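Asks: Below is the sequence, then the predicted model.
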Amino acid sequence: MHSDAAFVALCATAPVPASSGKTRCHRLSRGGDRAGNNALHRIALVRMSNHHPTRDYVTRQTANGPRSSKLDILRLLKRAIAREVFKLLTREVPIPDYRDLRPARQAKNITAAANHFDLWPTTISRIERGIQRNDDLANTYRQWLTTA
């Protein structure tokens, strides 16, 4: 995904002009991922009933006049929610580094670390190489290596 607009189009919530003559209106795209659109639809419905700022927004939009129908408001909400989801999906999340575990174990010449934690040796190996992620086990393993 290169932008939030691409994600919105993928979730089938991008506005498509549906104008004729003097009227200017939009509808939702029929293409895209229907499951993503369904998820955004459910989120919008729940927010419309339980989320106070969203309920205020719906009240303001319905007060704008007859052009703001429930479907138009739902379309706008789905697009805004898709933008929020895109921001959450593309943000950088720091991942702890496990590269210090294997050298620490090898420096102490420990070969039976998996037996101590009652795990398969492949599980410890995968965590040491950074293939498998388990932050709690890695922290416990790191503490055990420093005390051993």
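Replies: Everything's here; your move. Numbering: from 1, shown residues only.
Asks: Could you use CA atoms for every contact and neighbour count after this?
Replies: Noted.
Asks: Could you look up the next helix or strand downstream of the helix or strand bottoming out on mean pLDDT in the chain?
Replies: Ranking every helix and strand in the chain by mean pLDDT, DSSP states H and E puts strand 26-28 at the bottom, with a mean of 71. Later in the chain than strand 26-28, the nearest helix or strand by DSSP states H and E is helix 34-50.
Asks: Next, the most centrally placed residue in the chain: secondary structure please.
Replies: Nearest to the geometric centre of the chain sits Leu89, at 4.0 Å (C-alpha atoms, centre = their mean). With DSSP: H, G, I helix; E, B strand; the rest coil as the basis, Leu89 sits in helix.
Asks: for the one 5 residues further on, same thing?
Replies: Classification of Pro94 into helix, strand or coil gives coil, according to three-state DSSP.
Asks: Using the three-state scheme, assign the residue with the largest distance to the centre of the chain.
Replies: What lies farthest from the middle of the chain is Asn109; by C-alpha atoms, centre = their mean that is 41.3 Å. At Asn109, secondary structure determined by three-state DSSP is coil.
Asks: From here on, call the first residue 37.
Replies: With 37 as the first residue, the last one maps to Asn145.
Asks: List phi and psi for it.
Replies: Per-residue torsions, Asn145: phi 60, psi 40 (degrees, to the nearest 10).
Asks: Kindly state the pLDDT recorded for it?
Replies: Asn145 is assigned a pLDDT of 88 by the prediction.
Asks: what's the distance between it and His88?
Replies: Asn145 sits 59 Å away from His88, going by C-alpha to C-alpha, to the nearest Å.
Asks: Please apply the same query to Asp171.
Replies: Relative to His88, and taking C-alpha to C-alpha, Asp171 is found at 36 Å.
Asks: No further questions, thank you.
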